[in-house]
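Asker: Build me a model:
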Amino acid sequence: MRYKAIFFDRDGTLTYFNKEKEAWRDQTISQWSGKPFDLPYEKMMLLFGLASEGKTPWYQTLDDERAFFKRYYRYLLIGEGIEEKINERAEMLFDALWCNGDRVLFPETTEVLEYFYSHGYKMGVISDTSPSLEYTLQQLGIAKYFTSFTASSLVGAGKPSPIIFNAALNAQNVSAEESLYVDDYQPEADGARDLGFTSFLIDRTGNSENNRWTIQNLKQLIDFAETV
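Answerer: Purely as a prediction, here's the structure:
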């Protein structure tokens, strides 16, 4: 076997965000504020900055993360002009949304993980995320396939920095040349390839450039592995 390890991004690759949960959040906050609620990326990052309260990194343990997101939802409600029951409502949002069915597996995820696990690959997840990375995958029943969970908040760098990729490689004691990687974000897939990974971009929309390093379904990783 040419490859010894395979690494996956989490969101957009193995999992996607639960649209029903997001719709409930938006509807609930709209009812409390009396106006439509929207959460673009820029607004979310501003709230993250407020919730950090000057701390860098924002969180390093699960307890840090829980406290952070309780502050995050409190700042969110204040920003929406909500004045009543701020703490109670922030707790309600936290309980409903933090690591509570907020992610769903893509249909082929478990089958693909089972294939590589049963074929003896070392398996890891590399994600620009928080200490709850492993916890979220435990909830979905797939943490058992992995022996490393490399989160940006714990290594102090996000993708496509070589720091986070090298941390993942060191955790599995493999080289980039011995490893496969798949991500749904082009710069991150390219960053891994620049380090020597055999790296794939997964684009389920089919809008990306069609080449040997772009796939539309995780099952295509199996097809590749069986040809090398």
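
Asker: who touches the one helix or strand Tyr135 maps to?
Answerer: Secondary structure assignment for Tyr135, by DSSP states H and E: helix 133-139. With contacts defined as CB atoms under 8 Å, 6 or more residues apart in numbering, helix 133-139 is touched by 10, 14-15, 62, 99, 101-103, 125, 127, 143, 146, 149-151. Where you see a C-beta, it was placed from the backbone N, CA and C, and this is true even at glycine.

Asker: Equivalent analysis for stretch 183-192, please.
Answerer: In contact with stretch 183-192 (CB under 8 Å, 6+ apart) are residues 7, 9, 11-13, 159-162, 165, 176, 181-182, 199-204, 208, 213.

Asker: mind redoing it with 10 Å?
Answerer: 7-14, 16, 126-128, 158-162, 164-165, 168, 176, 179-182, 197-205, 208-209, 213-214 (CB atoms under 10 Å, 6 or more residues apart in numbering).

Asker: try stretch 161-176
Answerer: Contacts of stretch 161-176 (CB under 10 Å, 6+ apart): 3-7, 121-128, 146-152, 154-159, 177-179, 181, 188, 191-199.

Asker: Out of these, which end up buried?
Answerer: Listed as buried from those are 3-7, 121-128, 146, 148-152, 154-155, 157-159, 178-179, 181, 188, 191-193, 195, 197-199; burial here means 16 or more other CB atoms under 10 Å.

Asker: name the helices or strands packed onto the longest helix that the chain contains?
Answerer: Assignment by DSSP state H gives helix 62-79 as the longest helix of the chain. Other helices and strands packing on helix 62-79, by 3 or more CB pairs under 10 Å, 6 or more residues apart in numbering; DSSP states H and E, are helix 19-33, helix 41-52, helix 86-97, helix 133-139, helix 152-155.

Asker: Tell me which of the ones you listed is the most buried.
Answerer: For the helices and strands packed on helix 62-79, average neighbour numbers computed from mean count of other CB atoms under 10 Å are highest in helix 152-155, which has a mean of 20.
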